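A.B. asks: below are the sequence and a predicted model for it; my questions follow.
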Amino acid sequence: MCKTLPAISINGTLYSRENANVSVFDHGFLYGDGVFEGIRIYGGKIFRADRHVTRLFRSAKVLDLPIGWTREEIVEEIRKTAREWAAINGVDVRNNDDPLYVRVVVSRGDGDLGLDPRKCPKPNVVVIVDRIKLYAKEQYENGLALVTTAIRRNLPDTLPPQVKSLNYLSNVLAKLDANRENAAEAIFFNTQGYVAEATADNLFIVSNGEVVTPPISDGALPGITREAVLELAAELSIPRREWHITMPDLFCADECFLTGTAARVVPVTAINARTIGNGRPGPITHRLMEAFVDLTCRDGVCIYDK
Ligand code: PXG
């Protein structure tokens, strides 16, 4: 695949990669003070734009960060930046099945060297559109090998896992654990010993025909893909439950898969070098993978005129 040029909007103005800069005094850079979203555009349609923007505003609300844009303006900015991406890369995204990836970042903005957010009068709103590919085709066909990490999911009274903030350091530490073991992802447990999620994906197991994923209160991000997969399971009459997952549940599962905006639905066939199920992506995982692809063709706000 040839390399594409990203399209970048900062506070409503489009820039090339070389010219897209924010200040070193931005508190997003100095303190990780800000929020973000990762969104997909499938066939020219922004997948579940509403839910992503709602989550962005909820994350910002927890940080008492006034975005200064309406939800509609954020969606319009994503549409505009995606059209710019299509124009500079000469790609008709409606006919292209390689989906785009959007990163929306709202940082606290320029301040001084003190922590106090009151010193930052104006947040920076950044939209980046490009492509992203996390896993190879073979990994979707054969499943990922994961590891568990000793890094615990943040407690809700520390850095709430529901907030998609610019503080992803525990995720980075866990990802380093995965890298050291040559694994695709790492699985977080919470301090109570229940599975929470992976570093950038939600986790599901299939046991006795039932699809199970940890409740948000166990330290999972309320994933947009997670929600879509739970809806699809209902549509397909596959029993589903949000419930605690213990280490034995994980190792004894018949099937396991991850969900996330970048990864979509991807099977897991080994954890800590132990085989999950029969070591092949299972039938329910396959059905949900197909149903999800189907959904991405149906759902979304078009980036071109409505
Ligand atoms: N858990 C965490 C901690 C996440 O960051 C998900 C679950 C899945 O949620 P969605 O809404 O995407 O189904 C995420 C998603 C990245 C990257 O840069 C991270 C995410 C999304 C896209 C890219 O690695 N986070």
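C.D. replies: Here it is on my side, so go on. Residues are numbered from 1 along each chain as shown.

A.B. asks: got the residues of the stretch 201-306 of the chain near the ligand?
C.D. replies: Within the stretch 201-306 of the chain, the positions near the ligand by CB under 6 Å from any ligand atom are 201-202, 221, 223-226, 259-262. Backbone N, C-alpha and C define where each C-beta goes, glycine included.

A.B. asks: now, those residues that are in helices?
C.D. replies: 224-226 (DSSP state H).

A.B. asks: quick check: ChimeraX command selecting the buried ones in these.
C.D. replies: Here is the ChimeraX selection string for the buried members of those, based on 16 or more other CB atoms under 10 Å:
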select :224,225,226
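
A.B. asks: as JSON lines, the ones in helices among the residues of the stretch 201-306 of the chain next to the ligand with pLDDT would be great.
C.D. replies: Converted to JSON lines, these look like this (pLDDT from 0 to 100):
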{"residue": "224", "pLDDT": "98"}
{"residue": "225", "pLDDT": "98"}
{"residue": "226", "pLDDT": "98"}
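
A.B. asks: tell me how many other residues surround the closest residue to the ligand within the stretch 51-200 of the chain.
C.D. replies: Proximity of the stretch 51-200 of the chain to the ligand (CB to the nearest ligand atom) peaks at residue 200, 3.7 Å away. Neighbours of residue 200 under the rule other CB atoms under 10 Å: 20.

A.B. asks: run through the residues that contact residue 274.
C.D. replies: residue 251 (CB atoms under 8 Å, 6 or more residues apart in numbering).

A.B. asks: which residues does it form beta bridges with?
C.D. replies: residue 271 (DSSP bridges).

A.B. asks: which parts of the stretch 51-200 of the chain are helices?
C.D. replies: Secondary structure of the stretch 51-200 of the chain (DSSP state H, counting those that start in this stretch): helices at 71-89, 137-142, 169-180.

A.B. asks: list the buried residues of the first one.
C.D. replies: The reference is to helix 71-89. Per 16+ other CB under 10 Å, helix 71-89 contains these buried residues: 74-75, 77-86, 89.

A.B. asks: picking that back up, so what's the residue of the stretch 51-200 of the chain closest to the ligand closest to, chain neighbours aside?
C.D. replies: Leaving aside its sequence neighbours, residue 200 sits nearest to residue 260 (CB to CB, 6 or more residues apart in numbering; 5.6 Å).

A.B. asks: and for residue 74?
C.D. replies: Per CB to CB, 6+ apart, closest to residue 74 is residue 53, 5.4 Å.

A.B. asks: which residues are in contact with the one you found?
C.D. replies: Residue 53 neighbours (CB under 8 Å, 6+ apart): 37, 71, 74-75.

A.B. asks: cutoff 10 Å now
C.D. replies: Counting by CB atoms under 10 Å, 6 or more residues apart in numbering, residue 53 touches 37, 39, 46, 67, 69-75, 78, 104.

A.B. asks: let's see the pLDDT reported for the closest residue to residue 62 other than its chain neighbours.
C.D. replies: Using CB to CB, 6+ apart and skipping residues adjacent in sequence, the residue nearest residue 62 is residue 163, 5.0 Å away. Looking at residue 163, its pLDDT is 95.

A.B. asks: wait, residue 163 touches residue 55, no?
C.D. replies: Yes - Residue 163 lies in contact with residue 55 (CB atoms under 10 Å); the separation is 9.2 Å.

A.B. asks: okay, and the common contacts of these two?
C.D. replies: 35, 221.

A.B. asks: coming back round to it: include pLDDT and distance to the ligand when you put the contacts of residue 53 into JSON lines, please.
C.D. replies: Formatted as JSON lines, the contacts of residue 53 follow (pLDDT from 0 to 100; distance: CB to the nearest ligand atom, whole Å):
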{"residue": "37", "pLDDT": "98", "distance to the ligand": "8"}
{"residue": "39", "pLDDT": "98", "distance to the ligand": "8"}
{"residue": "46", "pLDDT": "97", "distance to the ligand": "13"}
{"residue": "67", "pLDDT": "97", "distance to the ligand": "19"}
{"residue": "69", "pLDDT": "98", "distance to the ligand": "20"}
{"residue": "70", "pLDDT": "98", "distance to the ligand": "21"}
{"residue": "71", "pLDDT": "98", "distance to the ligand": "17"}
{"residue": "72", "pLDDT": "98", "distance to the ligand": "21"}
{"residue": "73", "pLDDT": "98", "distance to the ligand": "21"}
{"residue": "74", "pLDDT": "98", "distance to the ligand": "16"}
{"residue": "75", "pLDDT": "98", "distance to the ligand": "16"}
{"residue": "78", "pLDDT": "98", "distance to the ligand": "14"}
{"residue": "104", "pLDDT": "98", "distance to the ligand": "11"}
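
A.B. asks: what parts of the stretch 1-150 of the chain come near the ligand?
C.D. replies: residue 38.

A.B. asks: can you pull out the low-pLDDT segments for the stretch 1-150 of the chain?
C.D. replies: Where the stretch 1-150 of the chain drops to pLDDT under 70, the residues are 1-2, 96.
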